[in-house]
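S.K.: just need the structure, nothing else, for what follows:
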Amino acid sequence: MPICAIAQEIPQTNLQHIQLTAGMYVIDAQVAMTPDQRQIGLMQRKDMAQHEGMIFVFEQASQQCFWMKNTILPLTAAFVADDGTIVNMADMKPQTTDSHCSTQPVRYVLEMNKGWFAKKGIKPGSKLAGPIFEAAR
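M.R.: Sure, this is the predicted structure:
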């Protein structure tokens, strides 16, 4: 895995972007689709604009678990069902290996700056919209 070791030193910033919405709020989300992209995620990122995030896309729904090793930014993970409904959320502390898991099988996980969802009143049961969820139907 030398590629991952090298990649962890430099933030991953060249991924495809898609636009998602949460009610009236627009999210500019980088898309992590491959195993390597998902493994690196937001590691080593020093900052991220408030309207930006990263959506992790998995091949099939299963329990997804995330941790924050080598991740500097405090994040909130929203575990999202195929139809865009947020199943559960987890605030995650930087530089920790604590596991944060979905409470049911999901294919999507959206990471945003910690507190973004709370400030916007978005919680479990809220629905995200965007082309990624339409394609899943």
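
S.K.: contacts and neighbour counts: CA atoms only from here.
M.R.: Noted.

S.K.: which positions within the longest strand along the chain qualify as buried?
M.R.: Criterion DSSP state E: the longest strand present in the chain is strand 52-62. By neighbour count on 16 or more other C-alpha atoms under 10 Å, the buried set for strand 52-62 is 52-58.

S.K.: with stretch 113-124 instead?
M.R.: 113-114, 116-117, 122.

S.K.: now do stretch 125-137
M.R.: So stretch 125-137, judged by 16+ other C-alpha under 10 Å, has buried residues 127-130, 132-133.

S.K.: chain center to that stretch: distance?
M.R.: 14 Å (C-alpha atoms, centre = their mean, to the nearest Å).

S.K.: ok, back up a step: show me what the helix or strand that the longest strand of the chain is followed by is packed up against.
M.R.: Following strand 52-62 in sequence order, the next helix or strand is strand 65-66 (DSSP states H and E). Packing contacts for strand 65-66, counted by 3 or more C-alpha pairs under 8 Å, 6 or more residues apart in numbering; DSSP states H and E, involve strand 100-101.

S.K.: direction included, what does the strand it packs on pair against?
M.R.: strand 65-66 (antiparallel) (DSSP bridges).

S.K.: so for the strand it pairs with, mean pLDDT?
M.R.: Taken as a whole, strand 65-66 carries a mean pLDDT of 96.

S.K.: for the record, mean pLDDT for the helix or strand Ile132 falls within?
M.R.: Assessed by DSSP H and E, Ile132 sits inside helix 131-136. Average pLDDT, helix 131-136: 79.

S.K.: and stretch 37-51, by the same measure?
M.R.: Mean predicted confidence for stretch 37-51 is 93.

S.K.: ends of it, what's the gap?
M.R.: One end of stretch 37-51 sits 20 Å from the other (C-alpha to C-alpha, to the nearest Å).

S.K.: stretch 72-91 now?
M.R.: OK, stretch 72-91 end separation, C-alpha to C-alpha: 14 Å.

S.K.: neighbouring contacts of that stretch?
M.R.: Contacting residues not belonging to stretch 72-91 are listed as 43-47, 64, 92-95, 100-117, 123-129, 133-134, 136-137 [C-alpha atoms under 8 Å, 6 or more residues apart in numbering].
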